[in-house]
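A.B. asks: Just a sequence and a predicted model for now, questions to come.
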Amino acid sequence: MNPNPYIDSDLQALADSVRRFATERVAPGFLARDKSRDLDRQLLAEMGELGFICPELPEQFGGLGMGCLAAGVIHEEIARADLSFSYLNLLASLNAQILSKYGNPDVVGPWLKKLVAGKAICAIALTEPRGGSDAANLRLRIERDGDHYVINGEKTSISAADQADISVVFGRTSTPESGAHGVTALLVPMGTPGITTNRFDCHGQRAIGRGSIFFENVRVPATHRLGDENKGFVQVMHGFDFSRSLIGLQCLAVARVALEETWAWITQRQAFGQPLSAFQGVTHPLAQFDTEVEGARLLCLQGLWLKDRGLPHTAEAGMAKWWGPKLAYDVIHQCLLCFGHGGYDRGPMEQRLRDVLGFQIGDGTAQIMKTIIARTRAGRQFVPA
């Protein structure tokens, strides 16, 4: 990791430790997990035992209280080895923020400790078949019945849908006309009667997987509500600024390792009696991408730095989310071309290209992120949609 103003000596030592773990334990199974579509729960527990999951959480929830930048450097190093596996870090950090801030401590406390220990996986069930980017336009119904809520409906394109132990579920508790202000969030154990799941055959990130979750008269205690009734979406969505910066870092970490391998390759590969590095048509695109990746990474780290200090970071998070995945895809594409048929064959570079593509779709498209940035800069009243 190159020195920069956001990474002090302690964070650098943490990054070095995570890189050793990622190199020795995560990277060797990178290609195999894509084929088997197996997350490897034992490896997840090892990562938890080392304190590499949710280090930003306070100690009472099992975390280390190290801040969001610490989470960022861990995400980078795991993603270098396997972007799909690093998505488990992302899910844990995003959902743990929601649970710790809005959940009943007696209910969420045990689950948070399991998440931090790598002994549980938490999905976030927001997207529905009729509205991806229109995230507040929900039809899944959550109705109060005494001391319980009853859930009916479908969520789709949910990461780890068929592998999660719990899920943060968003549903409508008011009329559709109420929009985002009629949505409630619940913590739902995935073993609850009435829940079924399926799994898609996705282009990339096959180890984590995506699928649908179906709810048929699923009863959840009212104590499992997260935040206030009818305000779940408005309250909880603030946590996505954190995850968007992490996603940018994860994708850029994959781009960085692809560039490192490609720079080494073009000095070794001979063509027309010279190494490929002698040709500006090869080196100049890589030089430009290397420059852009360094700048984009600093932007992601800045977003986490601002969050750690309680400062506004919504615009920076939106920038990280749309720019990071797109730039990473373009970088890996160029790197793959430099490797020729060897890059196009099934292997690390080809899998990286498939894995990062999904982040241009999930967790907020580029168009949505740019709208968020515009509203932050100009004011929501001047950018209504």
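C.D. replies: Sure thing, it's come through.
A.B. asks: Can you list the residue ranges for helices in this protein?
C.D. replies: Remark: helices assigned in the chain by DSSP state H are 9-21, 30-36, 41-49, 68-81, 83-102, 105-116, 232-236, 240-268, 280-308, 314-338, 341-344, 348-357, 366-378.
A.B. asks: can you list the domain ranges for the protein.
C.D. replies: Structural domains annotated on the chain: 9-120, 123-230, 236-382, as defined by automatic domain parsing.
A.B. asks: Can you lay out the ones you listed as a markdown table showing mean pLDDT and mean neighbour count?
C.D. replies: Backbone N, C-alpha and C define where each C-beta goes, glycine included. As requested, those are exported to a markdown table (pLDDT from 0 to 100; neighbours: other C-beta atoms under 10 Å):
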| stretch | mean pLDDT | mean neighbour count |
| --- | --- | --- |
| domain 9-120 | 95 | 20 |
| domain 123-230 | 91 | 18 |
| domain 236-382 | 94 | 19 |
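A.B. asks: isn't F233 right next to T173, touching?
C.D. replies: No - judged on C-beta atoms under 8 Å, F233 makes no contact with T173 at a distance of 10.5 Å.
A.B. asks: which residues are in contact with both of the two?
C.D. replies: Taking C-beta atoms under 8 Å, 6 or more residues apart in numbering as the contact rule, F233 and T173 both touch V183.
A.B. asks: Out of the helices of the chain, flag the one nearest P193.
C.D. replies: Evaluated over these, closeness to P193 peaks at helix 105-116, with 18.3 Å, by C-beta to C-beta.
A.B. asks: Which elements pack onto the closest one?
C.D. replies: The helices and strands touching helix 105-116, judged by 3 or more C-beta pairs under 8 Å, 6 or more residues apart in numbering; DSSP states H and E, are helix 83-102, strand 183-189.
A.B. asks: Repeat the analysis, applying 7 Å as the threshold.
C.D. replies: Contacts defined by 3 or more C-beta pairs under 7 Å, 6 or more residues apart in numbering; DSSP states H and E place helix 105-116 against helix 83-102.
A.B. asks: Can you check what angle separates the helix it packs on from helix 240-268?
C.D. replies: 160 degrees (axes from the mean of the first three to the mean of the last three C-alpha atoms, to 10 degrees).
A.B. asks: and the angle from helix 83-102 to helix 314-338?
C.D. replies: For helix 83-102 against helix 314-338, the angle by the same axes, to 10 degrees is 170 degrees.
A.B. asks: Tell me how many other residues surround the closest residue to V183 other than its chain neighbours.
C.D. replies: Nearest non-adjacent residue to V183, counting by C-beta to C-beta, 6 or more residues apart in numbering: F233, 3.7 Å away. Residue neighbour count, defined by other C-beta atoms under 10 Å, stands at 22 for F233.
A.B. asks: Next one, pLDDT for F233 please.
C.D. replies: F233 carries a pLDDT value of 80.
A.B. asks: List the contacts of K321.
C.D. replies: K321 makes contact with 244, 247-248, 363-364, 369 under the criterion C-beta atoms under 7 Å, 6 or more residues apart in numbering.
A.B. asks: Swap in 8 Å and give it another go.
C.D. replies: By C-beta under 8 Å, 6+ apart, the contact set of K321 is 244-245, 247-248, 363-364, 369.
A.B. asks: Now it: closest residue in space, sequence neighbours ignored.
C.D. replies: R244 (3.8 Å).
A.B. asks: Give the full set of residues in contact with that neighbour.
C.D. replies: Contacts for R244 were tallied using C-beta under 8 Å, 6+ apart; they are 303, 317-318, 320-321, 363-364, 369.
A.B. asks: try 6 Å
C.D. replies: 317, 320-321 (C-beta atoms under 6 Å, 6 or more residues apart in numbering).
A.B. asks: between those, which is nearest I78?
C.D. replies: A320 (17.4 Å).
A.B. asks: Show which residue of this protein lies farthest from the average position.
C.D. replies: In terms of distance from the mean C-alpha position of the chain, G273 ranks first, at 44.4 Å (C-alpha atoms, centre = their mean).
A.B. asks: that older thread, which of the contacts of R244 sits closest to G227?
C.D. replies: A317 (20.1 Å).
A.B. asks: So that closest one versus G146, what's the distance?
C.D. replies: For A317, the distance to G146 (C-beta to C-beta, to the nearest Å) stands at 39 Å.
A.B. asks: Over to K231?
C.D. replies: Where G146 is concerned, K231 sits at a distance of 21 Å (C-beta to C-beta).
A.B. asks: and what of D290?
C.D. replies: Relative to G146, and taking C-beta to C-beta, D290 is found at 60 Å.
A.B. asks: And for S159?
C.D. replies: S159 sits 33 Å away from G146, going by C-beta to C-beta.
A.B. asks: returning to that earlier point: could you measure from the residue nearest to V183 over to L138?
C.D. replies: From F233 to L138 the distance is 8 Å (C-beta to C-beta).
A.B. asks: shared neighbours, the two?
C.D. replies: Joint contacts of F233 and L138 (C-beta under 6 Å, 6+ apart) are V183.
A.B. asks: Name all residues that make contact with F85.
C.D. replies: Per C-beta under 6 Å, 6+ apart, neighbours of F85: V26.
A.B. asks: Which strand residues bridge the residue lying closest to R199 once chain neighbours are set aside?
C.D. replies: Closest residue to R199 apart from its sequence neighbours, by C-beta to C-beta, 6+ apart: G211 at 4.1 Å. On the basis of DSSP bridges, G211 is bridged to I158.
A.B. asks: pretty sure G211 is in contact with Q163, am I right?
C.D. replies: No - in this structure G211 lies outside contact range of Q163 using C-beta atoms under 6 Å: 9.1 Å.
A.B. asks: Let me see the contact set for the residue nearest to R199.
C.D. replies: By C-beta under 6 Å, 6+ apart, the contact set of G211 is 161-162, 197-200.
A.B. asks: got the contact list for the nearest residue to D363 once chain neighbours are set aside?
C.D. replies: Spatial nearest neighbour of D363, chain neighbours left out: I247 (5.9 Å); criterion: C-beta to C-beta, 6+ apart. Residues near I247 by C-beta under 6 Å, 6+ apart: 321, 359, 363.
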